[in-house]
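*Asks:* A structural model of the following input is requested.
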Amino acid sequence: MKIFLSLLLLIPFSALAQDCKLKSEKDPFTKEIKLSTGFTYFDGGSVTIDADARELNFLFNIEGPDRCFDDKTMVEFYFEGLKGKTGARNQGTMNCEGLFQLIYKNANNNPTTLLQRMLTKKITQAVFMVEGKKPLTVTFAPKEQEAFMVLANCLYSEAKKLIQ
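*Replies:* This next block holds a predicted model:
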């Protein structure tokens, strides 16, 4: 009976492990391994998460008008179960293709507040604010919320193994 209960409790963990499908490539010059989730699509855009030994890179590709982002562009994430919002500034280059980047150091210490929330809470919506223009709101459906959180956790745990 104890063995049966132990196996029953492990089923959710094995289900999460099966969803962890990362793309891995080795740089031909530096021999450094880079991991990627590939693009995950949601209503209004897509996101990919990449990691190497130095950093984690969340790249959002937002569709629609007024997609010119610069270093003053902000995003506010709203999480399931939290009343407040968590904001961040674009860390990518100025572009009009709707590309918004969040970059975090790949380290063994505790993650920042926003990264910690992305790993533990489901994102319900993200509001991208361009100075002087109407905010772009992206809403995540329940399946998209779960998929993003699973991929982010998977990549985060695998990225720790790249640190030397």
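*Asks:* state which helix of this structure is the longest.
*Replies:* The longest helix of the chain (DSSP state H) is helix 142-160.
*Asks:* please identify the buried residues of it?
*Replies:* 144-145, 147-156, 158-159 (16 or more other C-beta atoms under 10 Å). Using the backbone N, CA and C atoms, a C-beta is placed for each residue, glycine as well.
*Asks:* just checking, next helix/strand downstream of the worst-scoring helix or strand of the chain on mean pLDDT?
*Replies:* Lowest on mean pLDDT, DSSP states H and E among the helices and strands of the chain sits helix 2-18, with a mean of 40. Sequence-wise, the next helix or strand downstream of helix 2-18 (DSSP states H and E) is strand 23-26.
*Asks:* and that next one, what does it pack onto?
*Replies:* For strand 23-26, the packing partners by 3 or more C-beta pairs under 8 Å, 6 or more residues apart in numbering; DSSP states H and E come out as strand 33-36.
*Asks:* who's Arg89 bridged to?
*Replies:* As for beta bridges, Arg89 partners with Met74 under DSSP bridges.
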